[in-house]
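Asks: Provide a 3D model corresponding to the input given below.
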Amino acid sequence: MIKVTVDNIEIEVEPGSTVLQACETAGKEIPRFCYHEKLSIAGNCRMCLVEIDKSAKPVASCAMPVSNGQVIKTNTDMVKKAREGVMEFLLINHPLDCPICDQGGECDLQDQAFNYGGGRSRYQLNKRSVNQKYMGPLIKTHMNRCIHCTRCVRFSEEVAGIAEIGTVNRGENMEITTFLEKTVESEMSGNVIDLCPVGALTSKPYSYEARPWELNKIETIDVMDAVGSNIRVDTKGWEVKRVLPRINDDINEEWISDKTRYACDGLLNNRIDTPYIKKNGKYHSVSWNEAIEFINQNSKNKKDFGGLIGQLVDLETGYAFKKLFNKLYNSQLVDFRQKDILFDTSDEFNFTFNTSINKIDQCDFILLIGCNPRLEATIVNYRIRKAVNSGCNVFSIGDPGDQNYYYKILGNNISLLDDLINNKISESKLLKEAKNPAIIVGESALTSDISSYVISSVKNLLKKINKLNGFNILHQFASNVGSLKLGLQSKNLKQVYNSDLLYLVNCDEVSINKNDDQFIIYQGSHGGENSTIADVVLPSSAYTEKNGSFVNLEGRVQKSYKSSYPPGFAKDDWEIFSIIADSNNINLGFKNFNELRKNMVSEYPSLGEYDKLPELNYTNLTFDNKEKKDFKIVLNQIDYYQTNIIARSSKTMHDCKKIKIANKKVSA
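Replies: Model (predicted):
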């Protein structure tokens with residue numbers, strides 16, 4: 001450890017730390033614009049100046065490493081005068097846009113000008129004018145405000161992995177721009193808005209929508225994929241105005257994907273706000289009592305009862321739905337699968353991401369099997385990129401497409417797993433020598449005809465090298481792991497689809513071929529594809545409009561919180577189940593949400609262990625040797641901006657899709 005003195009306070013810091021980090025360890029606030037903990041050091045803005053003994057002039061603390069015995073001063077007259085001078089230069093060309101700037105109230109430049117500025121300006125000439133840049137439908141530019149901190153440039157290159165933003169010209173004439181002024185196509189591009197310390201880069205969909213102090217802020221969980229990113233939802237009235245990331249170093253650090261950030265406008269569109277029943281081929285709006293009575297009348301003569309839940313369904317809804325089917329219909333045919341896929345549920349180890357998200361960047365060997373992490377789990381893909389930057393080798397069985405890092409395709413036949421086990425290919429040696437290997441299996445490799453072979457082969461391969469914690473399933477949807485923990489994978493999926501009565505809960509990704517005598521209930525927040533074939537449509541709350549909990553792909557249970565309220569006569573899903581049960585004199589065991597959660601946790605204790613990773617237990621694992629399969633993996637095509645009903649209802653996501661299609665045509 002290195003000993004330094006900061007404002008007469010002696011502290012110890014690790015070797016390699018910067019003066020800025022030492023000052024923060026001592027509890028001193030150092031202003032900065034260009035410095036960011038997750039980005040490389042640029043030393044552009046010079047706002048972090050401090051005084052160091054034996055130095056004739058102020059030093060940029062973000063770029064200066066500490067040395068033993070250093071004496072640092074952060075509040076001397078020299079430091080104060082230097083910071084005032086830097087701030088005066090930064091404001092020379094900055095326009096007086098504060099009253100109309102979307103960054104107002106959250107602007108680092110405003111705050112630091114107030115705290116560290118000199119309160120005067122001596123500049124009498126015209127301010128510099130810079131043309132606005134086009135960066136697509138997500139990022140709005142006001143480049144007159146830019147202070148050239150280059151955070152956006154460094155993020156694009158180092159984190160997003162796509163060098164789409166850079167600088168042109170030098171000195172006063174330097175400008176931040178995209179190459180050829182095209183759309184920024186990274187799935188994480190929206191994070192540059194949070195990084196920008198001024199109002200140069202702002203959110204285009206959120207432009208002029210609200211001021212920060214007008215918004216109600218709720219910390220909750222994202223459900224656009226299975227990662228479980230920590231987010232903050234800002235609402236005005238009942239409308240969700242924006243979604244921002246929350247810092248959680250174990251999951252998403254401080255980044256979120258563009259779909260997480262921008263799909264929220266889909267919560268306002270295509271909503272179901274009243275119950276409907278179909279008579280003579282036409283839908284009629286009815287009261288809740290009429291809708292429930294219609295369901296009960298049409299349920300009397302049915303023999304088979306099947307239920308499907310969608311990808312955005314919380315644990316409490318899944319549990320209550322299972323209870324309803326067991327007690328009212330005496331049926332076990334409840335499932336969450338909306339496509340041909342099969343998981344091994346003999347042990348939770350078999351369907352979770354056991355390496356854990358925060359340890360992926362420590363891996364030195366990664367094998368992808370039938371997955372496209374960039375589109376299926378953007379934050380996981382970012383972690384893989386971090387591992388690659390540290391020297392990790394990435395291989396793939398199946399072609400995952402562009403992943404913004406180098407990887408090698410071994411082939412597309414699943415029989416390559418046997419070759420790895422039997423040391424028939426050169427990559428076997430790399431896997432054997434790896435200290436932290438990870439094998440990531442995607443849903444494209446888990447179809448019912450090959451799932452058991454893939455899972456058993458990967459387990460046997462990792463057992464051979466004594467690295468079982470490298471077994472990972474990459475789920476695509478937020479409800480998958482929770483549904484598996486609740487036992488919502490039925491033995492016969494086709495029987496569920498063909499049931500006399502089919503109850504769909506937020507289930508929009510499966511195409512139902514309705515039989516003439518089949519009675520379908522659709523319960524959801526949006527008018528999805530399957531609502532058009534239903535006999536009854538029941539309006540329910542979206543994920544931001546109710547309390548709940550979700551299990552992310554690594555088995556971590558996290559609570560989500562109500563940040564808005566549903567439109568019209570829509571109700572929470574569990575309330576609807578309770579009303580149906582009460583109308584049939586059935587007691588589900590709960591009368592409110594707290595009782596529901598209490599019952600669920602008592603029956604499934606692991607679902608009450610919030611924000612914890614499950615402990616790995618290999619004692620009950622089975623290792624079967626399945627017959628070798630000769631099967632070519634073809635990855636499922638993913639329309640990134642349209643993966644769920646909320647995203648498909650989002651105008652912003654539609655705009656992104658249109659531009660992506662247009663850019664493909666131009667490049668072709």
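
Asks: phi and psi next, for Lys236.
Replies: phi -130, psi 110 (degrees, to the nearest 10).

Asks: skipping adjacent residues, who's closest to it in space?
Replies: Ala210 (5.0 Å; Cβ to Cβ, 6 or more residues apart in numbering). Heads up, the C-betas are built off the backbone N, CA and C, glycines and all.

Asks: can you check Arg128 too?
Replies: Excluding the flanking residues, the one nearest Arg128 by Cβ to Cβ, 6+ apart is Asn93, at 4.2 Å.

Asks: isn't the one you found up against Asn144?
Replies: Yes. If you go by Cβ atoms under 8 Å, Asn93 and Asn144 touch, sitting 7.4 Å apart.

Asks: overlap of the contact sets of the two?
Replies: The contact sets of Asn93 and Asn144 overlap at 127-128 (Cβ atoms under 8 Å, 6 or more residues apart in numbering).

Asks: tell me the contacts of Ala434?
Replies: 363-365, 465, 467.

Asks: so Leu635 lies in a strand, does it not?
Replies: No. Going by DSSP: H, G, I helix; E, B strand; the rest coil, the assignment for Leu635 is coil, not a strand.

Asks: for it, phi and psi?
Replies: Main-chain dihedrals, Leu635, degrees, to the nearest 10: phi -70, psi 140.

Asks: check the secondary structure at the residue nearest to Leu324 when sequence neighbours are not counted for me.
Replies: With sequence-adjacent residues excluded and distances taken as Cβ to Cβ, 6+ apart, Leu324 is closest to Phe577, at 4.5 Å. Look at Phe577: counting by three-state DSSP, its state is helix.

Asks: contacts only, for Phe577.
Replies: Residues near Phe577 by Cβ under 8 Å, 6+ apart: 320-321, 323-324, 588.

Asks: Leu375: helix or strand, and which one exactly?
Replies: helix 373-376 (DSSP states H and E).

Asks: number of residues surrounding the residue nearest to Arg128?
Replies: 18 (other Cβ atoms under 10 Å).

Asks: what about the residue nearest to Val380 when sequence neighbours are not counted, how many neighbours?
Replies: Counting by Cβ to Cβ, 6+ apart, Val380 lies nearest to Pro373, which is 5.1 Å off, once chain neighbours are set aside. By other Cβ under 10 Å, 24 other residues sit near Pro373.

Asks: my guess is Pro373 contacts Ile384. True?
Replies: Yes. The pair Pro373 / Ile384 is scored as a contact, 6.1 Å apart, by Cβ under 8 Å.

Asks: okay, buried residues for stretch 245-255 please.
Replies: Buried positions in stretch 245-255, judged by neighbour count with 16 or more other Cβ atoms under 10 Å: 245-246, 248, 251-255.

Asks: Thr652 versus the spatially most central residue of the chain, what's the distance?
Replies: Nearest residue to the geometric centre of the chain (Cα atoms, centre = their mean): Ser229, 4.4 Å. Using Cβ to Cβ, to the nearest Å, Ser229 is found at 18 Å from Thr652.

Asks: could you tell me how far the lowest-mean-pLDDT helix or strand in the chain lies from the centre of the chain?
Replies: Sorted by mean pLDDT, DSSP states H and E, the helices and strands of the chain end with helix 651-667, the least confident at a mean of 82. How far helix 651-667 lies from its chain's middle: 21 Å, per Cα atoms, centre = their mean, to the nearest Å.

Asks: what's in contact with it?
Replies: By Cβ under 8 Å, 6+ apart, the residues outside helix 651-667 that reach it are 136-138, 182-183, 185, 205, 258-259, 262-263, 265-266, 269, 639, 641-642, 647.

Asks: again, only this time at 10 Å
Replies: For helix 651-667, the external contacting residues (Cβ atoms under 10 Å, 6 or more residues apart in numbering) are 136-138, 182-183, 185, 187, 189, 203-206, 258-259, 261-266, 268-269, 639-644, 646-648, 650.

Asks: element containing the spatially closest residue to Gly85 that is not a sequence neighbour, please.
Replies: Excluding its sequence neighbours, the residue lying closest to Gly85 (Cβ to Cβ, 6+ apart) is Gly118, at 7.8 Å. Counting by DSSP H and E, no helix or strand carries Gly118.

Asks: what sits against Gly118?
Replies: Here Gly118 is in contact with 80-81, 83-85, 87-88, 91 (criterion: Cβ under 10 Å, 6+ apart).

Asks: what of Lys127?
Replies: 91-96, 144.

Asks: may I see the ChimeraX selection of the buried members of those?
Replies: Of these, the buried ones go into a single ChimeraX selection, burial set by 16+ other Cβ under 10 Å:
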select :91,93,94,144
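
Asks: could you dump the contacts of Lys127 into JSON lines with distance to Ser549 and pLDDT added?
Replies: Shown next, in JSON lines, are these (distance: Cβ to Cβ, whole Å; pLDDT from 0 to 100):
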{"residue": "Leu91", "distance to Ser549": "47", "pLDDT": "90"}
{"residue": "Ile92", "distance to Ser549": "51", "pLDDT": "88"}
{"residue": "Asn93", "distance to Ser549": "49", "pLDDT": "88"}
{"residue": "His94", "distance to Ser549": "45", "pLDDT": "90"}
{"residue": "Pro95", "distance to Ser549": "46", "pLDDT": "90"}
{"residue": "Leu96", "distance to Ser549": "47", "pLDDT": "87"}
{"residue": "Asn144", "distance to Ser549": "46", "pLDDT": "92"}
